[in-house]
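Student: structure for the following, please:
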Amino acid sequence: QVQLVESGGGLVQPGGSLRLTCAASGSIFSIFAVGWYRQAPGKQRDLVADVANNGRTNYADSVKGRFTIVRDNAKNTVYLQMNSLKPEDTAVYYCKAADTLVDYLRGSGSWGQGTQVTVSS
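Tutor: Numbering: from 1, shown residues only. The predicted model follows:
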């Protein structure tokens, strides 16, 4: 399993933008899906967006039209471009890689350590 390192979090005003980066320690070419999840204080960790190895993307309803996930297999990196940020987007954002379809369906895989995103004026 690859190791994942997230970066790019920080403090941003409502309406602003951030780009998160998930860098893998090895090739992600054959990994079934890589996704971004987030967890706010006192809440469960939820899917934000993921991208499969065939390019199919999946977004939570709350971020559709504002966030874009991009998978760059050549750089072993997955990005999350976040625009029009809202205070309710505040959370720790985690990257996760599911090696196979079975892993994906079971909810298993490799996690990064997370990066904090705070949206506040």
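
Student: alpha carbons only for contacts and neighbour counts from here, please
Tutor: Will do.

Student: can you map out the helices along this protein?
Tutor: For the chain, the helices defined by DSSP state H occupy 101-106.

Student: sketch out the low-pLDDT regions of it for me.
Tutor: Within the chain, no stretch has pLDDT under 70.

Student: most centrally placed residue in it?
Tutor: Nearest to the mean C-alpha position of the chain, counting by C-alpha atoms, centre = their mean, stands residue 36 at 1.9 Å.

Student: tell me the bridge partners for that residue.
Tutor: residue 49, residue 95 (DSSP bridges).

Student: from residue 71, how far out is it?
Tutor: 11 Å (C-alpha to C-alpha, to the nearest Å).

Student: what's the answer for residue 13, then?
Tutor: For residue 13, the distance to residue 71 (C-alpha to C-alpha) stands at 26 Å.

Student: which one's more surrounded, these two?
Tutor: Counting neighbours by other C-alpha atoms under 10 Å for residue 13 and for residue 71 shows that residue 71 has the greater number, 23 against 14.

Student: any idea how far that one is from residue 22?
Tutor: From residue 71 to residue 22 the distance is 10 Å (C-alpha to C-alpha).
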